[in-house]
Structure formats: structure tokens, C-alpha cells
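K.L.:
I'd like to go over a predicted model; first the sequence, then the structure.
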Amino acid sequence: MNVQQTKNLLEKINSLYKSISMDDGEIASIERDLMLSYIRQLYESFKELDTEEPVVTKSRRTKVKQNPDFEITNEPAPKPAVKKYTPPKIIEIPDTAKETPAPVPVKKQAPPPPPPPKPAPTPAPEPVSVAPPKPKPAPAPAPTPQPRAKSNASSKVRSLFVFKEAKELSEKLSAQPVKDLTRSMAINDRLLYTNDLFGKDNNALNAALKQLNDLGSMDNAQPVLEEFAEKHDWTDEEKVDTAMAFIKLVRRRYL
């Protein structure tokens, strides 16, 4: 059994369970399939223990001492006693009993069925007034999308918003939509975002999540995120990965 592979599977199962528990118990089909895949791999890794060759142990032979008082003879065993068959006694029936005919049962006549009830007269159908069809209202014109304002952020800040489509199954699970930013992150992630992206100010993180949670679209949220990136220097090499993970979380709010 590969111990390191088993350890990695357990960590994936725990991580996926935390992701499921953050979505208020709503399990997507893709999350269920991934969890079954991890559990099946873990089962197979432990099942390999049954395929190992069993250890063959030498059996001890015990010698049976012969009893000199017991002699083995080749005489046949005595046959069991056979019981004799005795036929049952035949009881003769007298002729008088044979000639007595059996009484004929008298059939009772069933009473005549009652006459069927007369059908009730069906009332004449009332005339149905058909209303003329109402004209369908004209469809409302589709709203014209407003042009997005030109961003004044630097090229380094704009590079944080580069989005790559998920290819692997684990990446697709991490890109599932979330309903509420304030309840969609674990405690470790909250501490990481507070320390790296908001100057170790938990109140600043809570205010940012509340503001980003009600902007309606990612296009409206991006200028706000650019302001935070400029203010807290998210383009620093040690903060880039954390900043992109936080922006990805906000993008999931508006999928």
C-alpha cells in the first residue's frame, strides 16, 4: 500500500468535504462524483492488502500412540434387525349399510333480484359563453448593455483579473457559484485574506465582502477590487497568488 498516496487521498476528501459544507448542504452532481472517485481510490489502496500472499506455517504432526489393548479385526459389522411387515386388518361393511342411499340435499331457491333503479333525467347543458381572446402584450425591448467605464488601474493590477477556464475536475469544482461571500470561505482563508490583502484588519475585510456581495455583476465589482489592489499593494510577489484567489472567489459570486 502506498502510504503517501493514501495520505493525499485523505487530504483531498477533507478539502472537498469543507467545500461542500460551505454551500449550505447543497451538493452538486460534480461534487458527488468527485467524492465517490476519491473514496473508490482509497478503498482500492486498502484492498491491495488482501492480495498479499499468506504466510505458510509448518503444521506439526502429532504421533498417535497405539493402544495395545485395542485390536483391529476384519470381521464384518453385524446387520441390523429387519422388522416383519404385518398387513392391516380388513373390516367388512354389512350389506344393509351399503344399500342405504344418502339423503339428497334440497337446494334453496334464491330470491328474485330487485328491479334496477330508473336513471335520473340528465339536465340540459347550459350555454357556455366564450370570451374573445385577449391580445398578447408586445414584448418589452431588451435592455441595451451600458458600455463599461475604462479602467484607470495599472497593467499589473489588470493582470490580476486574467481568467483561465478550468480544465481539470478539481478546478471545475472550485469554480462553482456561491450565494454569499460572507459565508463562503473557511477560517484559514479568512485569516489569509485579512493578513495579506487588507493589512491585518478584519473589519476592512468584512466591509469589503459586504460591499462586493451586492454589486450585481463582476463588471461592477472589478473597479472596487482594483481600488483595493492599489490601496493594499496586491501586485507584490508575495500577495499575487492570494489576490488572484480572492478575485476568483468574487467572480464565483456572479456566475
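P.N.:
That came through fine.

K.L.:
in the stretch 101-250 of the chain, what spans have low per-residue confidence?
P.N.:
Residues of the stretch 101-250 of the chain that meet the criterion pLDDT under 70 lie in 101-109, 119, 121, 123-151, 165-174.

K.L.:
Helices along the chain, start to end?
P.N.:
3-21, 29-47, 95-99, 155-159, 169-173, 187-197, 202-212, 218-232, 240-253 (DSSP state H).

K.L.:
in the fourth one, what's buried?
P.N.:
Looking back up the chat, that one is helix 155-159. Neighbour-count burial for helix 155-159, counted by 16 or more other Cβ atoms under 10 Å, picks out residue 157. From N, CA and C alone the C-beta is placed, and that goes for glycine too.

K.L.:
in stretch 189-205, what's buried?
P.N.:
189, 193-194, 196-198, 204-205.

K.L.:
any residues touching it, and which ones?
P.N.:
185, 208, 228, 232, 234, 238-239, 242-243, 245-246 (Cβ atoms under 8 Å, 6 or more residues apart in numbering).

K.L.:
Could you do stretch 13-26 as well?
P.N.:
Contacts of stretch 13-26 (Cβ under 8 Å, 6+ apart): 27, 31, 34-35, 38-39, 42, 173-174, 176, 178-179, 183-186.

K.L.:
Of the residues you listed, which count as buried by neighbour count?
P.N.:
Counted by 16+ other Cβ under 10 Å, those give 31, 34-35, 38, 42, 173-174, 178, 184-185 as buried.

K.L.:
Return the member of those nearest to residue 3.
P.N.:
residue 42 (12.3 Å; Cβ to Cβ).

K.L.:
Now do the contacts for that closest one.
P.N.:
6, 9-10, 13.

K.L.:
Export the residues you listed as CSV, with columns for distance to residue 250, pLDDT and neighbour count.
P.N.:
CSV is the format used below for the contacts of residue 42 (distance: Cβ to Cβ, whole Å; pLDDT from 0 to 100; neighbours: other Cβ atoms under 10 Å):
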residue, distance to residue 250, pLDDT, neighbour count
6, 36, 84, 14
9, 31, 82, 20
10, 30, 88, 12
13, 27, 89, 16
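
K.L.:
would you turn those into JSON lines with distance to residue 110?
P.N.:
Below are those laid out as JSON lines (distance: Cβ to Cβ, whole Å):
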{"residue": "6", "distance to residue 110": "82"}
{"residue": "9", "distance to residue 110": "79"}
{"residue": "10", "distance to residue 110": "80"}
{"residue": "13", "distance to residue 110": "76"}
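
K.L.:
can you name the two of those residues that are farthest apart?
P.N.:
6 and 13 (10.7 Å).

K.L.:
one step back: and which of the buried ones among the contacts of stretch 13-26 is nearest to residue 162?
P.N.:
residue 174 (16.5 Å).

K.L.:
What's the local residue count around the closest residue to residue 226 other than its chain neighbours?
P.N.:
Distances taken as Cβ to Cβ, 6 or more residues apart in numbering place residue 153 nearest to residue 226, at 4.1 Å, with adjacent residues excluded. Counted with other Cβ atoms under 10 Å, residues neighbouring residue 153 total 18.

K.L.:
try residue 235
P.N.:
Neighbours of residue 235 using other Cβ under 10 Å come to 17.
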